[in-house]
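**Student:** quick one: sequence and predicted model below, then my questions.
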Amino acid sequence: MAQGVRLIFLGPPGAGKGTQAQVLAESCGIPHISTGEILRAAIANQTELGQQAQGFVDRGELVPDSLILNLIRERLQEQDAQQGWILDGFPRNVNQAEFLNTLLTELKQQCDVALNLEVPDATLVERLLSRGRKDDNQETIRRRLEVYREQTAPVIDFYQKQGSLKSVDGDRSLEEVTAALEQAIAS
Ligand code: ADP
């Protein structure tokens, strides 16, 4: 896969965004920027960001945009992000998507493709429960799926209207999904 590619991963919790983003980031030699991972590290280290984010993450709510937007602004200006990037977990609502558009214009960058991983609910819940992360209990999962439908699903329309959306069936083996994503990026 080519360097210089800029990708946004969309899809519900448990769709496999993190796994696939990691694989593609390695094959493209570009950073995988996961806001969920950044927040989990901040919480583990009890930084100021972590302390402010923890309650929201534990409840399955989105953390306030005020905590996320600056973080993304700074991350996209780091040296390793100048040759491309994969965003995973951001943007997660329409306000974040609008912010990202403005930021990318400022940085004279453009997102190449927004990849939407489609997976049925039953598969999502099964995958999340078997993953066993701290925020992967029944109640939090239910809330994360609700928050996804209410706040994140509209981001799919946002990129559809922008003409950069490509949807891929994520309900297949890891390798098949990777191949489908590579094809979607190349086409
Ligand atoms: P999942 O893919 O299972 O939803 P993530 O690792 O992407 O998990 O995110 C875990 C949690 O981190 C979310 O439930 C939310 O609380 C918080 N989070 C991650 N990214 C964002 C974001 N862009 N805006 C607000 N909250 C976020």
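**Tutor:** Cool, got the structure.
**Student:** the ligand contacts on the protein?
**Tutor:** Contact residues (Cβ under 6 Å from any ligand atom) of the chain with the ligand: 13, 17, 35-36, 39, 56-57, 60-63, 68, 89-90, 92, 96, 144. Every residue, glycine included, has its C-beta placed from N, CA and C.
**Student:** out of those residues, which are buried?
**Tutor:** Neighbour counting with 16 or more other Cβ atoms under 10 Å marks 13, 17, 35-36, 39, 57, 60, 62-63, 68, 89-90, 92, 96, 144 as buried within the residues of the chain next to the ligand.
**Student:** the ligand: which of the residues you listed is nearest?
**Tutor:** Set against the ligand, the nearest of these by Cβ to the nearest ligand atom is G36 (1.8 Å).
**Student:** name the nearest residue to that closest one, sequence neighbours excluded.
**Tutor:** The shortest distance from G36 to any non-neighbouring residue, by Cβ to Cβ, 6 or more residues apart in numbering, is to G89 (4.5 Å).
**Student:** which parts of the chain are strands?
**Tutor:** In the chain, the strands defined using DSSP state E lie at 6-10, 32-34, 85-88, 113-118, 165-169.
**Student:** what about these, which gets the closest to R75?
**Tutor:** Ranking these by proximity to R75 (Cβ to Cβ) places strand 32-34 first, at 5.7 Å.
**Student:** can you give the contact residues for that closest one?
**Tutor:** Identification of contacts with strand 32-34 by Cβ atoms under 8 Å, 6 or more residues apart in numbering yields 18, 21-22, 24-25, 72, 75-76, 81, 85-90.
**Student:** direction included, what does that strand pair up with?
**Tutor:** Sheet partners assigned to strand 32-34 using DSSP bridges are listed as strand 85-88 (parallel).
**Student:** does anything pack onto the helix or strand of the chain with the lowest mean pLDDT? Which helices or strands?
**Tutor:** Ranking every helix and strand in the chain by mean pLDDT, DSSP states H and E puts helix 121-131 at the bottom, with a mean of 91. Where contact means 3 or more Cβ pairs under 8 Å, 6 or more residues apart in numbering; DSSP states H and E, helix 121-131 is packed against helix 138-147.
**Student:** elements contacting the helix it packs on?
**Tutor:** Judged by 3+ Cβ pairs under 8 Å, 6+ apart, helix 138-147 is in contact with helix 48-59, helix 121-131.
**Student:** compute the inter-axis angle for the shortest one and helix 138-147.
**Tutor:** Think helix 121-131. Angle of helix 121-131 versus helix 138-147, following axes from the mean of the first three to the mean of the last three Cα atoms, to 10 degrees, is 140 degrees.
**Student:** just how off-centre is helix 121-131 within its chain?
**Tutor:** Computed by Cα atoms, centre = their mean, to the nearest Å, the chain-centroid distance of helix 121-131 equals 17 Å.
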